[in-house]
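Engineer: sequence first, predicted coordinates after that:
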Amino acid sequence: MIGRTTLRILALSGVIILCHNAIILGADILWKIDEPTAQRLAAEAYYGADKRLDLFDYASTMSPPFFVYYGLTEPPVEGSFGYFAVNPWTGDVWALWGCHRLSTPALRESQAQIRRRFTHEELKQYARLRRVKPECIFEQ
């Protein structure tokens, strides 16, 4: 005969397996954008248009799986105007200084196009994928 403790352990194990499977399911969704698209989205988030792409330097080792760009100021000025992380599934762009999601009309239009690439089954994971947050440099 199975005791109450054993039943609780089995129930908890089932919950853990279900949660683990949900995480794995998101990992099975292929990225919807590539690195050049992510660079364009970062420019749309900062400038409101896909201009000055040359000022966004790809930093491949920061905050995986996000595409991260270092915004370089135009010469002769030296410095940076920030770090930007782009979600590889949704195209959401985060400013890593201050840790907030950016939004412009051009960016929202591009993100709508990306969302249309999701299958019906993938759309069930869309809200969870939007909640994925990069490692921020500074949070306000």
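Structural biologist: Now that the structure is in, tell me what you want to look at. This structure is a prediction, so every number in the text was calculated from the model and none was measured.

Engineer: didn't residue 63 look like it was pressed against residue 99?
Structural biologist: No: Residue 63 lies out of contact with residue 99 (CB atoms under 8 Å); the separation is 11.0 Å. Every residue, glycine included, has its C-beta placed from N, CA and C.

Engineer: report pLDDT for the nearest residue to residue 69 once chain neighbours are set aside.
Structural biologist: Counting by CB to CB, 6 or more residues apart in numbering, residue 69 lies nearest to residue 56, which is 4.1 Å off, once chain neighbours are set aside. pLDDT, residue 56: 89.

Engineer: list the contacts of residue 56.
Structural biologist: The contact partners of residue 56, taken as CB atoms under 8 Å, 6 or more residues apart in numbering, are 39, 42, 43, 69, 70, 71, 72, 84.

Engineer: can I get these in TSV with secondary structure, neighbour count and distance to residue 90?
Structural biologist: Shown next, in TSV, are those (DSSP: H, G, I helix; E, B strand; the rest coil; neighbours: other CB atoms under 10 Å; distance: CB to CB, whole Å):
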residue	secondary structure	neighbour count	distance to residue 90
39	helix	22	16
42	helix	31	14
43	helix	24	17
69	strand	28	16
70	strand	17	21
71	strand	19	21
72	strand	17	25
84	strand	27	14
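
Engineer: any idea which of these is least confident?
Structural biologist: Scoring those by pLDDT puts residue 72 last, at 89.

Engineer: roughly how far apart are residue 66 and residue 38?
Structural biologist: Residue 66 sits 8 Å away from residue 38, going by CB to CB, to the nearest Å.
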